[in-house]
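**Student:** using only what follows, build the 3D model:
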Amino acid sequence: MRKYQKEKIAYDKGYRVTNDGKAINSNNKKVGYILNSGYEHFTINYETKYLKVATHRLQAYQKYGLQIYNKDIVVRHLNNNRFDNSKKNIAIGTHRENSLDIPKQKRIEMARHAGTKYSQEKINQIKDFYKKCRSYKETMNMFSLTSKGTLHHIINKR
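**Tutor:** From the prediction side, this is the model:
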């Protein structure tokens, strides 16, 4: 069980996600912003803390209730589009099912890159680009990186 059931807290405060995937507050005003991860979140005030709530997770809470907190359950974007938080695109399932939502060709490409060793020249290019743009998303797109973990390792460990 999570320390905070943020989605339940947000729901109890009147936040909702419309069928087409828009997060709204209790006054029916659109809320939300996109993080570097590519997922939309919004912030709620709870007790003395600010909690970030993922829009897709609130949509899943509305659809599946407390099941989203079950062990080994993740919230899935069925079409693999993180920007599509519509009710029909959100499901819950296992990590394996979530990975199978990624198109086969992209999974193959990701597997090819998993074992790739980067030359020092390529590492320097990646680091220089990241220093200029300060965006994981842009850097990953520029160098066809498929893992934030790989990029983090290149930037911080090498």
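**Student:** going by C-alpha atoms from here, please, whenever you check contacts or count neighbours.
**Tutor:** Noted.
**Student:** can you pull out the strands in this structure?
**Tutor:** For the chain, applying DSSP state E gives strands covering 16-17, 23-24, 33-34, 40-46, 49-54, 74-77, 90-93.
**Student:** so for the fourth one, what gets flagged as buried?
**Tutor:** Of all the residues in strand 40-46, those buried under the rule 16 or more other CA atoms under 10 Å are E40, H41, F42, T43, I44.
**Student:** what about the closest residue to M140 other than its chain neighbours, neighbour count?
**Tutor:** Spatially, and ignoring its direct neighbours in sequence, M140 is nearest to T146 (6.6 Å; CA to CA, 6 or more residues apart in numbering). Using other CA atoms under 10 Å, T146 has 18 neighbouring residues.
**Student:** residues in contact with I24?
**Tutor:** By CA atoms under 8 Å, 6 or more residues apart in numbering, I24 lies in contact with Y15, R16, V17, T18, K30, V31.
**Student:** N25 and Y15 touch, don't they?
**Tutor:** Yes - with contact defined as CA atoms under 8 Å, N25 counts as touching Y15 (4.4 Å).
**Student:** show me which of the two is the more surrounded one.
**Tutor:** For the pair N25 and Y15, the greater number of neighbours falls to Y15 (24 against 18), based on other CA under 10 Å.
**Student:** so what's A23 up against?
**Tutor:** Y15, R16, V17, K30, V31, G32, T55.
**Student:** restricted to helices, list those residues.
**Tutor:** The helices, defined by DSSP state H, take in T55 from the contacts of A23.
**Student:** tell me which of the contacts of A23 is nearest to K87?
**Tutor:** V17 (8.4 Å; CA to CA).
**Student:** any chance you could map the helices in this protein?
**Tutor:** Here the chain has its helices, by DSSP H, at 6-12, 55-64, 95-100, 104-114, 120-133, 136-142, 148-157.
**Student:** hmm, who's touching the longest one?
**Tutor:** Which is helix 120-133. With contacts defined as CA under 8 Å, 6+ apart, helix 120-133 is touched by Y136, T139, F143, I154, I155, R158.
**Student:** what's around the nearest residue to the fifth one once chain neighbours are set aside, how many residues?
**Tutor:** Leaving out its chain neighbours, the residue that sits closest to I155 by CA to CA, 6+ apart is K127, at 5.7 Å. Applying the criterion other CA under 10 Å, we find 18 residues in the vicinity of K127.
**Student:** K127 and M142: what is the separation?
**Tutor:** For K127, the distance to M142 (CA to CA, to the nearest Å) stands at 12 Å.
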